[in-house]
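K.L.:
Let me see the structure of the following:
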Amino acid sequence: MMKNLFLGLAILLCLLKTGSLFSQDEQPPLHGIAAKVLFIDYGSPNSADFQVSNGLELAYLRHIKDNWAVGLPVKIGVADLPGDISKSTFVSFDAIGQYRFTSPEKTLIPYGFAGLGIVFDGSDKNNLQVPVGLGLYYKVGESSYITGQVEYRKSFDDNRDNLQLGLGWYYKLKATPRPPGPADADNDGIPDSEDRCPDEPGIALAFGCPDTDKDGVPNGEDDCPTEKGSFANRGCPSPGDKDADGIADKDDKCPDVPGIASLDGCPPPEAVSSIDTDGDGVTDDKDNCPDTAGEINLFGCPDRDGDGVADKDDRCPDEVGLPIRHGCPPKDTDKDGILDEDDACPTIPGKAATNGCPDKDGDGVGDAEDDCPDTPGFASAKGCPDMDGDGVPDRSDKCPNMVGEAAHDGCPFIDSDGDGIDDSEDDCPNEKGSKELLGCPDGDGDGIPDRLDQCPTEAGTADRNGCPIRDADNDGVEDKFDNCPDEPGTEKAHGCPDRDGDGFGDPFDKCPDEVGTNKGCPDLNEEEREFLRFAAKNIYFDTGKATLRAKSYTTLNRVADILMKYPRYHLSIGGHTDNVGNAESNRLLSEERARTCHEYLLSRGLTTDRMSFKGYGESQPVADNSTEEGRLANRRVEFTVYLP
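P.N.:
Modelled structure (predicted):
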């Protein structure tokens, strides 16, 4: 048995792991819970009589792929095993695979399933079982289903096969998917719609562009990309005195060479070097490119494309450009007449009115922001038509011809009873009420609206439909549940006094001074009841007569002893015959035999007020009169004990 247990647990873990692997989807998988009442037959599958017991099932199911799901049912119930008179309680754990034959949107969803489970039934017969079956979901709500299924369970042990019918409810759970985030091509955390350099990672301070010195001036526009500066100085530090000659750079005509104030910061002529290494007419001390011949107006640096931007500073040295664009020409990638730097959609032709983005319906709202891109609309309605101009698109506006509010689905605020609650949300639109009670009045202030309050002028509780607790005899049992509302009693006796404390109120207790379970009286035990059933087959008479045979005395004496033990009980004696002979004769014979038993019991001390007898003849057979065995069973005297 332990080997089976470990094998079952190993298979359960494997199936759980498989379900986990299959469920790694981008979207949250569907999953749900189910509860069922079970009807269980251990008899028929094991060549025994059909016998039904009951149980409960709770299950978790998880969608893994297409129409497939895995489930973990847990069951508890009663196992009425063949040949075992003591019914046992079982608990089972299953792992199943389920296939749904139609899509989950259908009203009726048939399914099949199979799996493996382990069953603990309180004995040394804990066993593995293979469940297979068919079922049906019937959709009754957006996520609610009534479900029924038939299941055959094949056991690995003898006499443990069983059939199960389950009826119950299934609720589908669905995780809310996360909305997609804004596009960010360079993954710098700045949405492309706000990123001036969408293909290059940058920082927010520089509008998404690279900025080495982090001064907020993008590298492409920063004349001092490794030194923090300001926009006013094109990314360079505030004006200073780079050559330390005491003349501020802004006033220094030779800011890189120490000079004198009388020469506006330049050195005296005799101190100026006359060396010109590259022979371009600009002395080395003034030449920014002393080893390469260049233009005088560019401080000795070359300019291949002749656009006035020195090659060393020209990002497009072979294309004529503008200084403001670092030597590059204006760029319009999508050829829509809008420069890329001003184009919100630089790779898609668009219109100036929508910042270079396309606008198919020409309503001035770019397609990317237009909820109705094929229908002209208004910016206030996200590009959708809005006949009443209230900012709620017609498709969502429940009052498209009336100016309203988004909070009321485009309808105006209407409050007929003046209680501050819109009629559309007011359950009592013509009566003033509170917001907590959805606009309905509550005269007694008990939190239950008058329309639902069965006692609208008396404060009560919700579980009593607005009525107060009433207990006239103060015994703790509410009058409507009190069988003796004017006499203090106990809750167990439903509000009635109960002298013997057996739970039967004295007015209804046949034995008010004796503890009992049968109408308040002590009940016969199972052995005694079984004997009375046995007695019917063990009363013997001479053939065709009402004369008792001696071997009947032991049985009748035991019947008398039982009646003497329970003085409150009465006895009904019924005589029966087979169908051989005349029906009326048989009735008279059966009555005489019942009388004979009655008289014998009188002789044993019982009284006539506690006994009655009657002959039924052949009218109430319990077996087939066409066989000898059946006729023998029908010739009987039945003893029925009851409380008057």
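K.L.:
Does the residue most central in space within the chain have any beta-bridge partners, and if so which?
P.N.:
Per CA atoms, centre = their mean, the C-alpha nearest to the average position across the chain is that of L173, at 3.4 Å. Going by DSSP bridges, L173 is paired in beta bridges with H31.
K.L.:
My guess is it contacts Y60. True?
P.N.:
No - taking contacts as CB atoms under 8 Å, L173 lies outside contact range of Y60: 9.6 Å. Where C-beta positions appear, they are placed from N, C-alpha and C, glycine not excepted.
K.L.:
anything in contact with each of those two?
P.N.:
Common contacts of L173 and Y60 (CB atoms under 8 Å, 6 or more residues apart in numbering): H31, G32, I33.
K.L.:
Can you give the contact residues for the host helix or strand of L134?
P.N.:
Using DSSP states H and E, L134 sits within strand 127-139. Applying CB under 8 Å, 6+ apart, the external contacts of strand 127-139 come out as 1, 4, 7-8, 92, 94, 96, 100, 106-119, 121, 145-157, 160, 164, 166, 170.
K.L.:
ok, 6 Å please
P.N.:
4, 8, 94, 107, 109-119, 145-157, 160 (CB atoms under 6 Å, 6 or more residues apart in numbering).
K.L.:
Okay, and which of these map to strands?
P.N.:
Secondary structure assignment (DSSP state E) places 94, 109-119, 145-155 from the contacts of strand 127-139 within strands.
K.L.:
out of the residues you listed, which are buried?
P.N.:
Among the ones in strands among the contacts of strand 127-139, those scoring as buried are 94, 109, 111, 113, 115-119, 145, 147, 149, 151, 153, 155 (criterion: 16 or more other CB atoms under 10 Å).
K.L.:
could you dump stretch 478-495 to PDB, C-alpha only?
P.N.:
Presented in PDB, the C-alpha positions along stretch 478-495 are these (Å, rounded to 0.1, in the frame of the first residue of the first chain):
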ATOM      1  CA  GLU A 478     -37.300  33.900  19.000                       C
ATOM      2  CA  ASP A 479     -41.200  33.700  19.000                       C
ATOM      3  CA  LYS A 480     -41.400  32.700  15.300                       C
ATOM      4  CA  PHE A 481     -39.200  29.700  16.100                       C
ATOM      5  CA  ASP A 482     -40.700  29.000  19.600                       C
ATOM      6  CA  ASN A 483     -43.200  26.200  19.700                       C
ATOM      7  CA  CYS A 484     -44.100  27.400  23.200                       C
ATOM      8  CA  PRO A 485     -43.900  31.200  22.900                       C
ATOM      9  CA  ASP A 486     -45.500  31.800  26.300                       C
ATOM     10  CA  GLU A 487     -43.500  29.300  28.300                       C
ATOM     11  CA  PRO A 488     -39.800  29.500  28.900                       C
ATOM     12  CA  GLY A 489     -38.000  26.500  27.400                       C
ATOM     13  CA  THR A 490     -34.800  25.500  25.800                       C
ATOM     14  CA  GLU A 491     -33.400  26.100  22.400                       C
ATOM     15  CA  LYS A 492     -32.900  22.300  21.900                       C
ATOM     16  CA  ALA A 493     -36.600  21.800  22.600                       C
ATOM     17  CA  HIS A 494     -37.600  24.600  20.200                       C
ATOM     18  CA  GLY A 495     -38.500  26.900  23.100                       C
END
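K.L.:
mind listing what's buried in it?
P.N.:
Buried residues in stretch 478-495 (16+ other CB under 10 Å): E478, D482, C484, P485, E487, P488, G489, T490, A493, H494, G495.
K.L.:
Can you report how many residues lie near L108?
P.N.:
11 (other CB atoms under 10 Å).
K.L.:
Okay, the residue nearest to it when sequence neighbours are not counted and Y60: tell me how far apart.
P.N.:
What sits nearest to L108 in space, not counting adjacent residues and going by CB to CB, 6 or more residues apart in numbering, is Y138, at 6.0 Å. The gap separating Y138 from Y60 is 20 Å, by CB to CB, to the nearest Å.
K.L.:
now R595
P.N.:
Taking CB to CB, one finds R595 at 68 Å from Y60.
K.L.:
Walk me through the domains of the protein.
P.N.:
Domain ranges of the chain: 2-173, 370-413, 526-642, per automatic domain parsing.
K.L.:
Mind putting those into JSON lines with mean pLDDT and distance to P302?
P.N.:
Below are those laid out as JSON lines (pLDDT from 0 to 100; distance: least, CB to CB, whole Å):
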{"stretch": "domain 2-173", "mean pLDDT": "82", "distance to P302": "55"}
{"stretch": "domain 370-413", "mean pLDDT": "85", "distance to P302": "51"}
{"stretch": "domain 526-642", "mean pLDDT": "95", "distance to P302": "118"}
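K.L.:
Redo the ones you listed as JSON lines? Include distance to G439.
P.N.:
Shown next, in JSON lines, are the domains of the chain (distance: least, CB to CB, whole Å):
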{"stretch": "domain 2-173", "distance to G439": "26"}
{"stretch": "domain 370-413", "distance to G439": "13"}
{"stretch": "domain 526-642", "distance to G439": "61"}
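K.L.:
outside of the helix or strand hosting T89, which residues touch it?
P.N.:
T89 is part of strand 88-100 when elements are defined by DSSP H and E. Contacts to strand 88-100, defined as CB under 6 Å, 6+ apart, come from residues 12, 15, 67-71, 73-76, 79, 109, 111-113, 115, 117-122, 131.
K.L.:
Neighbouring strands - and their directions - for it?
P.N.:
Strand pairing for strand 88-100, determined by DSSP bridges: strand 68-79 (antiparallel), strand 108-120 (antiparallel).
K.L.:
Looking at these, which is nearest to L606?
P.N.:
Across the strands paired with strand 88-100, L606 has its closest neighbour in strand 68-79 (40.7 Å, CB to CB).
K.L.:
Using PDB, write down the CA coordinates of the closest one.
P.N.:
The C-alpha coordinates for strand 68-79 follow below in PDB (Å, rounded to 0.1, in the frame of the first residue of the first chain):
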ATOM      1  CA  TRP A  68      -7.100  21.500 -22.700                       C
ATOM      2  CA  ALA A  69      -7.200  22.000 -18.900                       C
ATOM      3  CA  VAL A  70      -5.700  20.200 -15.900                       C
ATOM      4  CA  GLY A  71      -7.600  19.700 -12.600                       C
ATOM      5  CA  LEU A  72      -7.100  18.800  -9.000                       C
ATOM      6  CA  PRO A  73     -10.300  17.400  -7.500                       C
ATOM      7  CA  VAL A  74     -10.500  16.600  -3.800                       C
ATOM      8  CA  LYS A  75     -13.400  14.300  -2.700                       C
ATOM      9  CA  ILE A  76     -14.900  13.200   0.600                       C
ATOM     10  CA  GLY A  77     -17.700  10.800   0.900                       C
ATOM     11  CA  VAL A  78     -19.100   7.400   2.100                       C
ATOM     12  CA  ALA A  79     -17.900   4.100   0.600                       C
END
